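Peer 1: build the 3D model from these lines:
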Amino acid sequence: MYCNMKLNYLFVFLVVFCTSVFAQQKYDVAAYVWPAYHNEPRFKQEMNIFHDGKGEWEAVYKAKPKFEGHRQPRVPLWGYLDEADPKVQEKVIDTALEYGVNTFIFDWYWYDDKPFLEGVLNNGFLKAKNNEKMKFYLMWANHTHTTYIDPNESDKSKVYWQGEVSADIFDRFTDHIIKDYFSRPNYYKIDGKPVFAIYELGTFINGLGGMKEAKLALDKFKDKCVKAGLKGVHLQAILWGALPATISATPGDKTETQENTVKYLGFESLTNYQWCHFIPANQDYASWGEQAVAKYKEFDENFSIPYFPHVSIDWDPNPRYPGAAQPAVSGVTPEKLEKFLYKAKRYVDEHPNQRPLITINAWNEWAEGSSLEPDTLYKYGYLEAVKRVFKD
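Peer 2: Residues are numbered from 1 along each chain as shown. Below is the predicted model:
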């Protein structure tokens, strides 16, 4: 009798264990998070924008259509929530996981040697009770910050903060990253290494003073990670357009050792941030997407390190422009998005020796028109497309 009870308990345990293991999602579906929908003090104090206290939601709900059929404003189904609120992030995490998004890539900023837009990550996501269910990693958005996001300014060339940083600043903020983010159990890793993406590799190299200086800084970063008990750091480059075996906009494509930029600096993977970075956006979504996914093969062949396929949902930055209409994608639907998600999935399936990672722009780029979050037109349509491709 006792023996039979033990066998029954063992059987139940094995069923539960196997169910939990095999229920895990096969693909890592990672959506970028634009963390601007909260009351960031630097918006008012240093940029003199978004005085409603809701961050860039102000540009979103004040947007106007600029031509016939222009879908503005985009209205969030959940309303204009404070995304630095942990209860809001609990809802976000649960929804994302339900529909197959299991990783967030936070756009991360450091200007004038201090953080910018960390509130959503620090006060919202990381304080959410369910945050450890969701993997996350950082993409250092190291571009020069201009009036691009000021919806009342037609001159987008005015500079708030430069994107370049010195070796000392890089050394200081990587201490912060290792201590406060890489140490988290749900920080996304590849081969045991926390992933850290860099948006503009050329800007990084220029700020450090050249290729050799950039390599020294990155090598020191890796060493610090190892000393912190990690296996190193997996450096990921954001690929804009492709030149053979190089990264666009990167100075010094060749070094004295004849290694290309990414290999010389020790990068281990590539992905994209937005299709508009390499395919003009003033066209129908179906055509735009076909041109973009056709680049997968080129990216794969031109680089020796893995390329992780990217899918963009849309592109319409008009909420950020007070004047004439800006180029925007047209004809976007959840069904068309689903088609390109399947193409990204097929690419992953054809590369079984690399991590099954797909990046998506974006979870909430409302001011650029590219959001998985439910809106009042398609409701949960974009999320349902993700679920059909990666979970069902």
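Peer 1: strands of the stretch 251-392 of the chain, start to end?
Peer 2: Per DSSP state E, counting those that start in this stretch, the stretch 251-392 of the chain carries strands over the ranges 269-271, 310-312, 357-361.
Peer 1: now do the strands in the stretch 1-150 of the chain.
Peer 2: In the stretch 1-150 of the chain, the strands defined using DSSP E, counting those that start in this stretch lie at 28-33, 103-111, 114-116, 135-140, 145-146.
Peer 1: please list the outside residues in contact with the following helix or strand past the third one.
Peer 2: From strand 114-116 onward toward the C-terminus, using DSSP states H and E, the following helix or strand is helix 119. The list of residues contacting helix 119 from outside it, by C-beta atoms under 8 Å, 6 or more residues apart in numbering, reads 35, 38-40, 84. Using the backbone N, CA and C atoms, a C-beta is placed for each residue, glycine as well.
Peer 1: repeat that for stretch 243-250.
Peer 2: Defining contact as C-beta under 8 Å, 6+ apart, one finds that stretch 243-250 is touched by 200-202, 205, 237, 239-242, 253, 260-262, 270, 278, 302-304.
Peer 1: and what of stretch 229-237?
Peer 2: 139, 178, 182, 189-198, 201, 218, 221-222, 225-226, 247, 262, 265-271, 308.
Peer 1: make a ChimeraX selection of the buried ones in those residues.
Peer 2: Only the buried entries of these go into this ChimeraX selection, using 16 or more other C-beta atoms under 10 Å:
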select :139,178,182,189,190,193,194,195,196,197,198,201,218,221,222,225,247,262,265,266,267,268,269,270,271,308
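Peer 1: mind listing what the residue nearest to residue 138 when sequence neighbours are not counted touches?
Peer 2: Distance criterion C-beta to C-beta, 6 or more residues apart in numbering; nearest residue to residue 138, sequence neighbours excluded, is residue 108 at 4.3 Å. Taking C-beta under 8 Å, 6+ apart, we find residue 108 in contact with 117-118, 121, 138-141.
Peer 1: now those residues in CSV, with distance to residue 335?
Peer 2: Listed next are the contacts of residue 108 as CSV, based on distance: C-beta to C-beta, whole Å:
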residue, distance to residue 335
117, 33
118, 37
121, 33
138, 32
139, 29
140, 34
141, 31
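Peer 1: among these, which one lies nearest to residue 68?
Peer 2: Residue 68 lies nearest to residue 141 out of the contacts of residue 108, by C-beta to C-beta, at 34.0 Å.
Peer 1: close enough to count as contact, that closest one and residue 105?
Peer 2: No. Applying C-beta atoms under 8 Å as the test, residue 141 and residue 105 come out as separate, 10.4 Å apart.
Peer 1: so where do the helices sit in the stretch 1-150 of the chain?
Peer 2: 2-22, 41-47, 57-61, 86-98, 119 (DSSP state H, counting those that start in this stretch).
Peer 1: swap that for the stretch 251-392 of the chain, sorry
Peer 2: 261-265, 285-293, 295-302, 334-349, 381-390.
Peer 1: could you dump the ones you listed to a markdown table with distance to residue 99 and mean pLDDT?
Peer 2: Putting the helices of the stretch 251-392 of the chain into a markdown table (distance: least, C-beta to C-beta, whole Å; pLDDT from 0 to 100) gives the following:
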| stretch | distance to residue 99 | mean pLDDT |
| --- | --- | --- |
| helix 261-265 | 33 | 88 |
| helix 285-293 | 20 | 98 |
| helix 295-302 | 24 | 92 |
| helix 334-349 | 12 | 98 |
| helix 381-390 | 4 | 98 |
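Peer 1: before we move on, back to that, comparing the helices of the stretch 1-150 of the chain by mean pLDDT, which bottoms out?
Peer 2: Mean pLDDT is lowest for helix 2-22 out of the helices of the stretch 1-150 of the chain, coming in at a mean of 44.
Peer 1: my read is that residue 368 contacts residue 318, right?
Peer 2: No. Counting by C-beta under 8 Å, residue 368 sits too far from residue 318 to count as a contact (9.2 Å).
Peer 1: spatially nearest residue to residue 226 (excluding sequence neighbours)?
Peer 2: Using C-beta to C-beta, 6+ apart and skipping residues adjacent in sequence, the residue nearest residue 226 is residue 232, 5.8 Å away.
Peer 1: and for that neighbour, the neighbour number?
Peer 2: 17 (other C-beta atoms under 10 Å).
Peer 1: SS state for it?
Peer 2: Three-state call for residue 232 (DSSP: H, G, I helix; E, B strand; the rest coil): coil.
Peer 1: for it, give me phi and psi.
Peer 2: Note on residue 232: backbone dihedrals following degrees, to the nearest 10 are phi 120, psi -150.
Peer 1: same question for the one 4 residues further on.
Peer 2: Taking degrees, to the nearest 10, you get phi -120, psi 130 for the backbone angles of residue 236.
Peer 1: quick check: which element contains the nearest residue to it once chain neighbours are set aside?
Peer 2: Nearest non-adjacent residue to residue 236, counting by C-beta to C-beta, 6+ apart: residue 197, 4.0 Å away. Residue 197 is located in strand 193-198, with elements delineated by DSSP H and E.
Peer 1: okay, the angle between the following helix or strand past that strand and strand 135-140?
Peer 2: Per DSSP H and E, strand 193-198 leads on to helix 201-208 as the next helix or strand towards the C-terminus. Counting by axes from the mean of the first three to the mean of the last three C-alpha atoms, to 10 degrees, helix 201-208 lies at 60 degrees to strand 135-140.
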